[in-house]
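> Sequence unavailable; structure follows:
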């Protein structure tokens, strides 16, 4: 098919954490794939807390504006470069890389993951699902009967962590902020849901799970991190996935909100416990196996994926690149249930 000469792209024009203020929609030339590359026409893009880590320069301080925003997408291949033999025009692929908020995206062929269709549920597997699956395997070392706490459990990656832990035979606690999220978490298997807007998180943990948390999948930071650390079991593992409570702070990753108030080393020493960081790009070699496993579990209904397309919000639905700003703000309002996506 004939490709247009130009297409839309969400461009980061200056560094900062206010996504609306630092981005704009621009018309840019549609690129041609070079050797070893494919050109994808995006069907859906995924929204992540990390989008403002990219826009603020936290991930790669050497990147200077202007550059495209976004981290993940899914769509059909519309052109292939020289030497690409394992992928073909019309094939659906999902991908994870910087600069995906665009109608057309160049993707290295070895990073384009073939998927059965452009079902956005499959898109959520590429970043959110992989984060949960690989981190819990590599850092969590889950065992049946263990107690697992998932913070921000109703979010894009939290929903996967809950279900993976349940499939491993664990007792799962999830935190959230609304009655609707409580119902959702119960529907995907959470044994105990803590709505921290209605219950005091620290009081619940100390009363019901004092020193009993074998694994914590921690995405929030601040008090959530400290209370979780204090209540780890002997040989407990606290996996740091992120610290969304501090992402919007202009001070960035040095913000005081993201620094524990506890003597972390001594807290670990007393219990032979561990605090383990996890950053998905360090585990690229494990992507194919985990994507295949998650896709199979999704197809079989063993893992459910809830998608938030903005149908029920004032500025929704999220359709068109111009809606990425609204979608990012919706996610940071903590009102989303599941993975926030934008349809192009």
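Here it is on my side, so go on. These figures come from a predicted structure and were not determined experimentally.
> so where do the helices sit in the protein?
For the chain, helices defined by DSSP state H occupy the ranges 19-22, 51-55, 120-124, 130-135, 158-167, 179-187, 201-208, 222-230, 244-247, 264-271, 287-299, 324-332.
> For the third one, report the contacting residues that lie outside it.
Defining contact as C-beta atoms under 8 Å, 6 or more residues apart in numbering, one finds that helix 120-124 is touched by 43-46, 72-74, 94, 115-116, 156, 160, 295, 298, 305, 307, 338-339, 341, 343. All C-beta spots, glycine's among them, are computed from the backbone N, C-alpha and C.
> Might one say that residue 153 is in contact with residue 184?
No: here residue 153 does not reach residue 184: they are 9.0 Å apart, not a contact under C-beta atoms under 8 Å.
> So these two - more neighbours on which side?
residue 153 (26 against 22; other C-beta atoms under 10 Å).
> ok, back up a step: could you give me the PyMOL selection string for whichever of the contacts of helix 120-124 are buried?
Remark: buried members of these, expressed as a PyMOL selection using 16 or more other C-beta atoms under 10 Å:
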select buried, resi 43+44+45+46+72+73+74+94+115+156+160+295+298+305+307+338+339+341+343
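> So which of the contacts of helix 120-124 are in strands?
44-46, 72-74, 94, 307, 339, 341, 343 (DSSP state E).
> So which of those is the closest to residue 138?
residue 72 (20.4 Å; C-beta to C-beta).
> In space, what's closest to that closest one - neighbours in sequence excluded?
Leaving aside its sequence neighbours, residue 72 sits nearest to residue 46 (C-beta to C-beta, 6 or more residues apart in numbering; 4.2 Å).
> and the one you found, what are its bridge partners?
residue 341 (DSSP bridges).
> my read: it touches residue 338, true?
No: the pair residue 46 / residue 338 is not scored as a contact, 11.2 Å apart, by C-beta under 8 Å.
> Need the residues touching each of the two.
In contact with both residue 46 and residue 338: 124, 156, using C-beta under 8 Å, 6+ apart.
> Residue 340 touches residue 308, doesn't it?
Yes: at 4.8 Å, residue 340 and residue 308 qualify as touching, with contact defined as C-beta under 8 Å.
> more neighbours, the two?
Each of residue 340 and residue 308 has its neighbours counted (other C-beta under 10 Å); residue 340 has more, 27 against 24.
> quick one, what contacts the more buried one?
46-47, 156, 308-310, 318, 327, 330-331.
> Which neighbours do residue 153 and residue 184 have in common?
Between them, residue 153 and residue 184 share the contacting residues 159, 176, judged by C-beta under 8 Å, 6+ apart.
> about what we covered before: mind putting the helices of the chain in CSV, distance to residue 214 and mean pLDDT included?
Supplementary listing: those in CSV, determined by distance: least, C-beta to C-beta, whole Å; pLDDT from 0 to 100:
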stretch, distance to residue 214, mean pLDDT
helix 19-22, 36, 95
helix 51-55, 29, 88
helix 120-124, 26, 91
helix 130-135, 15, 97
helix 158-167, 10, 97
helix 179-187, 19, 97
helix 201-208, 13, 98
helix 222-230, 11, 93
helix 244-247, 23, 68
helix 264-271, 11, 92
helix 287-299, 22, 91
helix 324-332, 29, 93
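> Quick one: closest of those to residue 98.
Nearest to residue 98, of the helices of the chain and by C-beta to C-beta, is helix 51-55 at 6.3 Å.
> Look up how far residue 309 lies from the closest residue to residue 326 other than its chain neighbours.
Closest residue in space to residue 326, ignoring its immediate chain neighbours: residue 315 at 4.5 Å, by C-beta to C-beta, 6+ apart. Residue 315 is 12 Å from residue 309, where distance means C-beta to C-beta, to the nearest Å.
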